[in-house]
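Engineer: Below are the sequence and a predicted model for it; my questions follow.
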Amino acid sequence: MHKYFLLLFTICFANAQAQQQAIPLYKTVTLSETPDDFEPTLMALYPTATTGGNYIQNKKVVDSKKATHKTNINSYKTEISGPAPTLLNSWAANSTNGTPADNSMAISNGGKVVSVCNTSIRIYNDTGGKFLYSKTVGAFASSVGTLVRYYDPKAIYDINNDKFIVTFLEGTSSSDTWIILCFSQTNDPAGKWNCYKLPGNKEKDTTWTDYPILGISEEDAFVTVNKLHDNMGWKDGFVKSIIWQVQLSKGYAGDSLNYIYHNQNIFGGKPLWSICPVQGGMQPTHPYMHFLTVRPADIGNDSVFLHTIDNTVSSGTAKWSARLLTTDKIYGIPATAKQPGGQWLQTNDCRVLGAIYENGNIQYVQTNNDTNTYLSTIYHGYFDAKNSQTIKGNWVAHDSFELAYPNICYSGAGPGDHGAVITCSYVNKNTFPGTCAFYVNRDLDGYSPLVICKTGDKYVDVLPDTAERWGDYTGVQRRYNKPGECWMSGSFGDATFTPKTVVAAIRTNDPKLAVPQITKPLQTLAYPNPANEYYILEFDMTKSEMLTFYIYDITGKNILMPFKDKASKGANRFSFNTSSLAAGNYYMNIVNSAGEVIRTEKFVVEK
């Protein structure tokens, strides 16, 4: 890696600012009223062969090394720390008549689950997978307009607005490529959605848009995409990656959508491939948004690129920048995984597939090649977003399975707690492909045993080739109003030898859960204590600053949604209603914008 690129980039690219623009509402669609269709799908059983690009050559290298490697799959595993999560619920969800099963999901505080996969959108409740509505992306698309080929849906839940966002793509050429971005008007996903068509070929050249990833900050939504050459795919046709930044409030209101188009995502003269948004842990970040990129087609690399958009669309000053970090353990493109029936599963490249930000730290996950075994494993990296130049990385392996297509969500209780849940796909030559999850210790010093969310019924056998598509991505989300609970959507091989979606919920069993300790003092006046209706806290601030208030019970469990607001310089008063709390002892933590606990208050609720 050439260190001088960092100086060159700082001089030339650190403050790239794009112009704010607007796009009108295309159509309002009521999901429950969209017409049913028969979900037509046309799929090439013999995809066009591709021979160019580093990805294809490097994949051949690692597959060849795996074929001659004699490591027993049961001879190596990651150090285990703490109990496995508890599986709360699991059910077979979306079916797909294509391959692979590209899964994404979102769950509201009210328990509405939106599960999307390839060409289908399903809405469930959270008590056992009861169908509320089942529609196809095609039906949704036909209500939006005359769309031909639609794919790669993604869903996300906005905790601050109690609403959903869904995006999917249309078209696979420069002449018909679109990004469809839809905002629910309420917290009912079966109701009305405001839909916008963002051009997939804004430059009007010979490229089209592929592989969207969706993220949100407090005020904005972000859609990152890859631009590919016409008549080429992601393996050999990559041109550059784009970040669309749009204003949430306009989307929810159905107004013309203000946006910024960030298209100068280049480092050292090379475009950055597959930009992954870093999602806020307990709540969305503000006003900034981070993103991560690696060199995903390399056999081995230690470069990670941290992107930052420093402000909102409404500010009028949002700038994109990036800096180069290095990992203490290399990552690399994984070898193809073995499944039963003489079949193999494609593991794709080692792009970042999920990332979170909490307590000033970023954690992220990739599919990775373990060069000790040449088995597909999970790369889990973490670092201080503000100060680190080096990233701590771990290869997360299992003693029985190959692992791939991970995603990550925050599961901790706030300041001092880095707990997270990672979900991924698993398989071996004797075990049908399924979905599992495990817990990242709150101190980042170990991983729990796996919990199996859904075992496979059969191996996947859709294509005439023995290398079957395994997946592109999985979905995972923290249940914001139920601490320690995380929901996910992954894939498994069903009885018809095709991939199918599973939706599951788990709860972490963190033995170290505790109220975070104070790191900086703040003088306060709290009353009444005991409280039987309202609890009031008065304090003085030396400067205006964003503060977050957390409420814990006596066991250290975060029991209420964190409240975040900007305190003024001078005297401030914070109060909340205690009526929903049972009688007992509680703690309140006040956390500043740097993630530091500046005050812990103990109070009593009487009934």
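Structural biologist: Cool, got the structure.
Engineer: When you work out contacts or count neighbours from here on, use the C-alpha atoms and nothing else.
Structural biologist: OK.
Engineer: Quick check: which element contains L214?
Structural biologist: strand 207-216 (DSSP states H and E).
Engineer: Buried residues, that strand. List them.
Structural biologist: For strand 207-216, the buried set under the neighbour-count rule, 16 or more other CA atoms under 10 Å, comprises T207, W208, T209, D210, Y211, P212, I213, L214, G215, I216.
Engineer: pLDDT weak spots in the stretch 451-600 of the chain?
Structural biologist: Within the stretch 451-600 of the chain, the set of residues satisfying pLDDT under 70 comprises 511-521, 555-556.
Engineer: Not counting sequence-adjacent ones, nearest residue to A355?
Structural biologist: Spatially, and ignoring its direct neighbours in sequence, A355 is nearest to Y364 (4.1 Å; CA to CA, 6 or more residues apart in numbering).
Engineer: what helices or strands is the helix or strand that contains the one you found leaning on?
Structural biologist: Element membership for Y364 (DSSP H and E) is strand 361-370. With contacts taken as 3 or more CA pairs under 8 Å, 6 or more residues apart in numbering; DSSP states H and E, strand 361-370 sits against strand 352-358, strand 375-384, strand 402-410.
Engineer: where does stretch 443-461 sit relative to the chain's centre, distance-wise?
Structural biologist: Here stretch 443-461 is found 18 Å from its chain centre; the criterion is CA atoms, centre = their mean, to the nearest Å.
Engineer: Just the CA trace of that stretch, in CSV.
Structural biologist: In CSV, the C-alpha atoms belonging to stretch 443-461 read as follows (Å, rounded to 0.1, in the frame of the first residue of the first chain):
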residue,chain,number,x,y,z
ASP,A,443,-16.0,-5.4,25.4
LEU,A,444,-15.1,-6.6,21.9
ASP,A,445,-13.0,-9.4,23.4
GLY,A,446,-14.9,-12.5,22.2
TYR,A,447,-17.9,-14.0,20.3
SER,A,448,-20.7,-16.3,21.5
PRO,A,449,-21.5,-19.7,20.1
LEU,A,450,-23.8,-19.7,17.0
VAL,A,451,-27.5,-20.0,17.3
ILE,A,452,-29.1,-21.6,14.3
CYS,A,453,-32.0,-19.6,13.1
LYS,A,454,-33.1,-22.0,10.3
THR,A,455,-31.6,-25.2,9.1
GLY,A,456,-31.7,-26.1,5.4
ASP,A,457,-34.1,-28.8,4.1
LYS,A,458,-32.0,-29.5,1.0
TYR,A,459,-29.0,-28.2,-0.9
VAL,A,460,-29.5,-25.4,-3.5
ASP,A,461,-29.6,-26.7,-7.1
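Engineer: Any idea what the most centrally placed residue in the chain is bridged to?
Structural biologist: The residue lying closest to the centre of the chain (CA atoms, centre = their mean) is G354, at 4.3 Å. Residues in a beta bridge with G354, per DSSP bridges, are V365.
Engineer: sorry, back to before: tell me which residues touch the residue nearest to A355, please.
Structural biologist: Contacts for Y364 (CA atoms under 8 Å, 6 or more residues apart in numbering) come out as V352, L353, G354, A355, I356, H380, G381, Y382, I408.
Engineer: So which residues of the chain form helices?
Structural biologist: Per DSSP state H, the chain carries helices over the ranges 4-12, 54-68, 137-144, 248-253.
Engineer: P277: which of the ones you listed is closest?
Structural biologist: helix 248-253 (15.9 Å; CA to CA).
Engineer: How is this structure divided into domains?
Structural biologist: Listed by automatic domain parsing, the domain ranges of the chain are 4-41+50-507, 524-605.
Engineer: Now V225. Nearest residue, chain neighbours left out?
Structural biologist: Closest to V225 by CA to CA, 6+ apart is P212, at 4.6 Å.
Engineer: Over to S425?
Structural biologist: Per CA to CA, 6+ apart, closest to S425 is T435, 4.6 Å.
Engineer: bridging residues for that neighbour?
Structural biologist: The partner residues for T435, given DSSP bridges, come to S425, K454.
Engineer: now the one 4 residues further on
Structural biologist: Taking DSSP bridges, one finds V421 as the beta-bridge partners of Y439.
Engineer: That one touches G419, doesn't it?
Structural biologist: Yes. With contact defined as CA atoms under 8 Å, Y439 reaches G419; the gap is 7.2 Å.
Engineer: Comparing the two, which shows the higher neighbour count?
Structural biologist: Taking neighbours as other CA atoms under 10 Å, Y439 and G419 compare with Y439 leading, 30 against 24.
Engineer: contacting residues around the more buried one?
Structural biologist: Listed by CA under 8 Å, 6+ apart, the contact set of Y439 reads A84, P85, G419, A420, V421, I422, Y447, S448, P449, T508.
Engineer: try 7 Å this time
Structural biologist: Residues counted as contacts of Y439 (CA atoms under 7 Å, 6 or more residues apart in numbering) are P85, A420, V421, I422, Y447, S448, T508.
Engineer: What of P296?
Structural biologist: I333, D349, C350, R351.
Engineer: sorry, back to before: please report the distance of the residue nearest to S425 from V476.
Structural biologist: 12 Å (CA to CA, to the nearest Å).
Engineer: Is M488 bridged to anything, and to what?
Structural biologist: V476, A504.
Engineer: Ok, Q245 next?
Structural biologist: With DSSP bridges as the rule, Q245 is bridged to F222, I260.
Engineer: Isn't it up against A221?
Structural biologist: Yes. When contacts are counted by CA atoms under 7 Å, Q245 is listed as touching A221 (5.9 Å).
Engineer: Kindly export the top strand by length along the chain (C-alpha atoms) in CSV.
Structural biologist: For the chain, the longest strand by residue count, based on DSSP state E, is strand 319-331. C-alpha atoms of strand 319-331 as CSV (Å, rounded to 0.1, in the frame of the first residue of the first chain):
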residue,chain,number,x,y,z
LYS,A,319,-19.3,17.7,1.8
TRP,A,320,-17.9,14.3,1.1
SER,A,321,-14.4,13.3,2.3
ALA,A,322,-12.5,10.1,2.8
ARG,A,323,-9.4,8.9,4.6
LEU,A,324,-7.3,5.7,4.4
LEU,A,325,-7.1,3.3,7.3
THR,A,326,-5.2,0.0,7.6
THR,A,327,-6.2,-3.3,9.2
ASP,A,328,-3.9,-5.2,11.6
LYS,A,329,-5.1,-8.4,9.8
ILE,A,330,-5.6,-8.7,6.1
TYR,A,331,-8.9,-9.6,4.4
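Engineer: Buried residues, that strand. List them.
Structural biologist: Neighbour counts over strand 319-331 (16+ other CA under 10 Å) mark K319, W320, S321, A322, R323, L324, L325, T326, T327, K329, I330, Y331 as buried.
Engineer: What helices and strands are in contact with that strand?
Structural biologist: In terms of contacts (3 or more CA pairs under 7 Å, 6 or more residues apart in numbering; DSSP states H and E), strand 319-331 is packed against strand 16-17, strand 301-309, strand 390-396.
Engineer: Out of those strands, the one nearest K566 is which?
Structural biologist: With CA to CA as the measure, strand 301-309 is the member of the helices and strands packed on strand 319-331 nearest K566 (20.6 Å).
Engineer: Now do the closest one: everything it contacts.
Structural biologist: The contact list for strand 301-309 (CA under 7 Å, 6+ apart) reads 288-295, 318-327, 329-332.
Engineer: Can you check what angle separates that strand from strand 352-358?
Structural biologist: 60 degrees (axes from the mean of the first three to the mean of the last three CA atoms, to 10 degrees).
Engineer: any idea of the mean pLDDT in strand 301-309?
Structural biologist: Averaged over strand 301-309, pLDDT sits at 97.
Engineer: how about that strand as CSV, C-alpha atoms only?
Structural biologist: The C-alpha coordinates for strand 301-309 follow below in CSV (Å, rounded to 0.1, in the frame of the first residue of the first chain):
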residue,chain,number,x,y,z
ASN,A,301,-5.4,-6.4,1.4
ASP,A,302,-5.3,-4.2,4.5
SER,A,303,-6.8,-1.0,3.1
VAL,A,304,-10.1,0.4,4.4
PHE,A,305,-11.6,3.7,3.3
LEU,A,306,-13.7,5.7,5.7
HIS,A,307,-16.0,8.1,3.9
THR,A,308,-17.8,10.9,5.7
ILE,A,309,-20.6,13.2,4.5
